[in-house]
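Student: Sharing a model prediction with you, sequence too.
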Amino acid sequence: MEVSLMSSARCSTFSPAPTRRPTASLLARPTFLSLRSSSSSSCPLRPLTSSVDVLPQRRGRRVTVMSMEAGIGVMGTKLGMMTYFEPDGTVVPVTVVGFREGNIVSQVKTTATDGYDAVQVGYRRVRDRKLTKPELGHLEKAGAIPMRHLQEFRLQSVDGFESGQRLIVEDIFKEGDLVDVSGNSIGKGFQGGIKRHNFRRGLMTHGSKSHRALGSIGAGTTPGRVYKGKKMPGRMGGTKTKIRKLRVVKVDSELRVVMIKGAVPGKPGNLLRITPAKIVGKNIPKN
């Protein structure tokens, strides 16, 4: 039996394998038909000796692909919030971020040496006795001053970066840029469901005995347990939080501060990580 394929770039006919049961010698290596095109006049259909060409093989440990930053970032210190008046009179609430001594490249990682490209940056100068000997040796090797915080920025390319290089905020961020700001949020302590998860309270009258209680937390005998991840009272705040796509309103080189529209995580004095915003999909601004 022959099956015809209506295509001018490929062969016109091919003969499938016979339907009889294969011998024992062929059972260990199954035969597959490839429909890859060929520039020659002969039929491109050929037998494949393994299923590797058809189905992807999953062997070994799963490889986790880390996301890359949209560009090099810096670390700063939250100074507080204020009101900023734009030239047209628009009132904008902004967060003022200052920069202490630091933002110096302490290490440059490459694919050849570390398996990925990244730039390690140090921030906030401290006394030598505040750091351990391994930390001091790591910074001395880079020719950098003793710094409290070290963070990595994974990039697509590390060309142009070298150890001991000082990052200038004015060259990285401009007015109107969108940035992602991450830091530790303010700790609220142990809180109930209403404050922590925005639950609605119960009736306050008509004999109600549950005003701020959770209510039901699951079924009965089936499943006979409380599902993991159930929203319940607990410790609130004090976790790493990232606010995405905030606009840089003003960059003041004299005061060495950056004004960012809106609120950012943490209290005044907290460490902030500022990176160029990752713009994807529907989050792309219309303007």
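Tutor: That came in fine, so what should we check first? Given the structure is predicted, the values throughout are model-derived calculations rather than measurements.

Student: Quick check: buried residues in the top helix by length along the chain?
Tutor: The residue-count maximum for a helix in the chain (DSSP state H) belongs to helix 133-142. Residues 135, 138-139, 142 are the ones in helix 133-142 that count as buried (16 or more other C-beta atoms under 10 Å). Just so you know, the C-beta spots here come from the backbone N, C-alpha and C atoms, and that holds for glycine as well.

Student: Likewise for stretch 153-172?
Tutor: Using 16+ other C-beta under 10 Å as the test for burial, stretch 153-172 gives 153, 155, 158, 161, 163, 165, 167, 169, 172.

Student: Surely residue 84 and residue 94 touch.
Tutor: Yes. Using C-beta atoms under 8 Å, residue 84 is in contact with residue 94, at 4.6 Å.

Student: Find residues that contact each of the two.
Tutor: 249-250, 259 (C-beta atoms under 8 Å, 6 or more residues apart in numbering).

Student: which of these tops the neighbour count?
Tutor: Most neighbours among those, by other C-beta atoms under 10 Å: residue 259, with 21 neighbours.

Student: Model confidence score at that residue, please.
Tutor: pLDDT, residue 259: 97.

Student: Residue 84 and residue 94: who's more crowded?
Tutor: Shown here are residue 84 and residue 94; by other C-beta under 10 Å, residue 94 has more neighbours (21 against 15).

Student: Run through this structure and note the low-pLDDT ranges.
Tutor: Applying pLDDT under 70 to the chain flags the ranges 1-67, 279-287.

Student: returning to what we had before: want to throw the buried residues of stretch 153-172 into CSV with distance to residue 255 and secondary structure?
Tutor: Shown next, in CSV, are the buried residues of stretch 153-172 (distance: C-beta to C-beta, whole Å; DSSP: H, G, I helix; E, B strand; the rest coil):
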residue, distance to residue 255, secondary structure
153, 25, strand
155, 29, coil
158, 31, coil
161, 27, coil
163, 29, coil
165, 23, coil
167, 18, coil
169, 11, helix
172, 17, helix
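
Student: could I get those residues as a markdown table with distance to residue 228?
Tutor: Converted to a markdown table, the buried residues of stretch 153-172 look like this (distance: C-beta to C-beta, whole Å):
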| residue | distance to residue 228 |
| --- | --- |
| 153 | 34 |
| 155 | 36 |
| 158 | 40 |
| 161 | 43 |
| 163 | 45 |
| 165 | 46 |
| 167 | 42 |
| 169 | 43 |
| 172 | 41 |
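
Student: Show me which of those residues is closest to residue 99.
Tutor: For the buried residues of stretch 153-172, the closest approach to residue 99 (C-beta to C-beta) belongs to residue 169, at 5.9 Å.

Student: Go ahead and confirm that closest one touches residue 103.
Tutor: Yes. Proximity of residue 169 to residue 103 meets the contact threshold set by C-beta under 8 Å, at 7.3 Å.

Student: Now do the shared contacts for the two.
Tutor: In contact with both residue 169 and residue 103: residue 74, using C-beta under 8 Å, 6+ apart.

Student: which residues of the stretch 151-287 of the chain fall in strands?
Tutor: Secondary structure of the stretch 151-287 of the chain (DSSP state E, counting those that start in this stretch): strands at 178-184, 189-191, 234-236, 240-252, 257-261, 271-276.
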